[in-house]
Structure formats: structure tokens, C-alpha cells
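*Asks:* Sequence first, then the predicted structure:
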Amino acid sequence: MPSAAADDVDSAVKGIRAELHRYFGLPFYRAMFIAAGYGHDVAAFDAAAGEWTAQLNAISERLVLDLCAIGDSQTISQALQRYRRAGAANPMITQIWGTDFEPTLVAAAEDKTAETAARG
């Protein structure tokens, strides 16, 4: 799960859009995005062919925030819980380009510690 414990959410969103750009050009991922309900993003990306900034902006904030954990530690925790409820036993945290990974790891570790304590 691409993640960033960051006050500057806009910067993290820009970073993940730059990372996702290449995936929007690959058939498997395009089909996956469409099947997941982001067909509008794929169509907007295609319509912006050759325009780097327009293609980045075609990747909606909704897709980014559904896919990623970006924000304060509570937001990171909520995203991890969302992934777990969906069946991911141990979500893998990855860094978003241009963000500091250490606070993200701390937030994820705090979530795991709270989850373990809740189970007793």
C-alpha cells in the first residue's frame, strides 16, 4: 500500500500520480483500474495523450486516496484497517515518491501495536 504520513497531502498525491503514470499505460493495470471502477480515470488519461501534466491530473484523487494511505497517523491506521477488512492479512507499506518514509513506518508500527493490544 503506497503510504505517506505527511502534512502535505497534495505533495504526496502528486508523488503517487507520478508513480501511477506508468501503470496507466500497461494493459493489465488498465484493465484492473477499469474493473475496480476507475474507467473514467483511464479514459481521461487516454484523452490527455502526450500531455504529461494532464495525464497526471486524470488520475483522480478518489483513486489515489482509495489506493493509498496519505495523511496523519490516524489516516494511515484507517487505511491499514480498510485493507485488513478487505482480506489483506499483512498489508505491505511502500513509500510514495518525494515523501519521508520514516514517519510512515512509525505510524504503521503504532497501528500494528494497537491492533495487537486490542486482541489481547
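*Replies:* It's in.

*Asks:* domain assignment for the protein?
*Replies:* 1-8+61-120, 22-58 (automatic domain parsing).

*Asks:* Which one of those domains has the poorest average confidence?
*Replies:* Among the domains of the chain, domain 1-8+61-120 carries the lowest mean pLDDT, a mean of 88.

*Asks:* just how off-centre is it within its chain?
*Replies:* Distance of domain 1-8+61-120 from the chain centroid (C-alpha atoms, centre = their mean, to the nearest Å) equals 9 Å.

*Asks:* hang on, the earlier thing: tell me which of the domains of the chain is the most buried.
*Replies:* Stretch with highest mean neighbour count among these: domain 1-8+61-120 (a mean of 16; mean count of other C-beta atoms under 10 Å). C-beta: built from backbone N, CA, C; applies to glycine.

*Asks:* Which residue would you name as the spatial centre of this protein?
*Replies:* For the chain, the residue sitting closest to the mean C-alpha position, by C-alpha atoms, centre = their mean, is residue 68 at 2.0 Å.

*Asks:* Let me see the contact set for the closest residue to residue 61 other than its chain neighbours.
*Replies:* Using C-beta to C-beta, 6 or more residues apart in numbering and skipping the chain neighbours, the partner closest in space to residue 61 is residue 13 (6.2 Å). Residue 13 makes contacts with 61, 64-65, 70, as judged by C-beta atoms under 8 Å, 6 or more residues apart in numbering.

*Asks:* Before I go, just wanted to say thanks for your time.
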